[in-house]
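Enquirer: here's my sequence, what's the structure:
(chains A and B)
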Amino acid sequence: ETGVTQSPTHLIKTRGQQVTLRCSSQSGHNTVSWYQQALGQGPQFIFQYYREEENGRGNFPPRFSGLQFPNYSSELNVNALELDDSALYLCASSTTGTDEGTQYFGPGTRLLVL
Amino acid sequence: GESVGLHLPTLSVQEGDNSIINCAYSNSASDYFIWYKQESGKGPQFIIDIRSNMDKRQGQRVTVLLNKTVKHLSLQIAATQPGDSAVYFCAETSSYGQNFVFGPGTRLSVLP
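Expert: Okay, here's the model as predicted:
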């Protein structure tokens, strides 16, 4: 177990709706990264948050947004959901500012868009 | 764009044999690599990492080899056990601690 928790575990939404996913980082970690994993594929980097600001972003549209809170937990928000947004959403926590760059993943939130 | 790929999408090995999972990466600027194991319904689990200033690193029953000349990474699992059955991903980054690029994964099946 990594100590990274995510909620909810599963979620069903309809096209056009909005969703918020939550992540609590491992104790001692100050950085949270979000990834999207489509079925049968490797995770794809969405963005990273450090010091409550976005610290890098992958090739995802602006309707994917996020927040990081003072306790280092984070939210991923997706607006105007599309069918292709159906995937496992993973958050990973790590420490920025040290020599340690390993990212440790939570169990993920499985999102189904109908 | 740059990507990380795997030579073999599936690998079946007998219990007790050694397993070798391979990975080719295309970004010559990558300086940090991680192998993750993902079991069904779970998030990726860290196995072992290696930095670009090393060519070999050993853990408990696992060894990672890095050949920067041909941009190749491998994961060796000694005495493969049924609990090793999972999908294995290599991940690389050229922006240390930030964006990791994952390959499509290799499914390892351990036969009794």
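
Enquirer: please name the bridge partners of the residue positioned nearest the centre of chain A.
Expert: Nearest to the geometric centre of chain A sits A:W34, at 3.0 Å (Cα atoms, centre = their mean). Taking DSSP bridges as the rule, A:W34 bridges to A:F47, A:C91.

Enquirer: now do B:Q58
Expert: As assigned using DSSP bridges, the partners bridged with B:Q58 are B:T63.

Enquirer: burial count for it?
Expert: 12 (other Cβ atoms under 10 Å in any protein chain shown). Using the backbone N, CA and C atoms, a C-beta is placed for each residue, glycine as well.

Enquirer: returning to that earlier point: thought A:A87 was touching the residue nearest to the centre of chain A, still the case?
Expert: No: applying Cβ atoms under 8 Å, one finds A:W34 not in contact with A:A87, separated by 11.3 Å.

Enquirer: the host helix or strand of B:R107 pairs with which strands?
Expert: For B:R107, the enclosing helix or strand under DSSP states H and E is strand B:106-111. Sheet pairing for strand B:106-111, assigned by DSSP bridges, gives strand B:10-14 (parallel), strand B:86-93 (antiparallel).

Enquirer: what's downstream of the longest one, the next helix or strand?
Expert: Read in the C-terminal direction, the helix or strand following strand B:86-93 is strand B:101-102, with elements assigned using DSSP H and E.

Enquirer: now swap in the shortest one and tell me
Expert: On the C-terminal side of strand B:10-14, the closest following helix or strand by DSSP H and E is strand B:19-25.

Enquirer: tell me what angle that next one forms with strand B:10-14.
Expert: 160 degrees (axes from the mean of the first three to the mean of the last three Cα atoms, to 10 degrees).

Enquirer: wait, what's in contact with residue 108?
Expert: Picking chain A for this. A:6, A:9, A:37, A:88-90, B:42-43 (Cβ atoms under 8 Å, 6 or more residues apart in numbering or on different chains).

Enquirer: actually, chain B is the one I wanted.
Expert: Contacts of B:L108 (Cβ under 8 Å, 6+ apart): B:11-13, B:19, B:21, B:77, B:80, B:84-88.

Enquirer: do that again at 6 Å, thanks
Expert: Counting by Cβ atoms under 6 Å, 6 or more residues apart in numbering or on different chains, B:L108 touches B:11, B:85, B:88.
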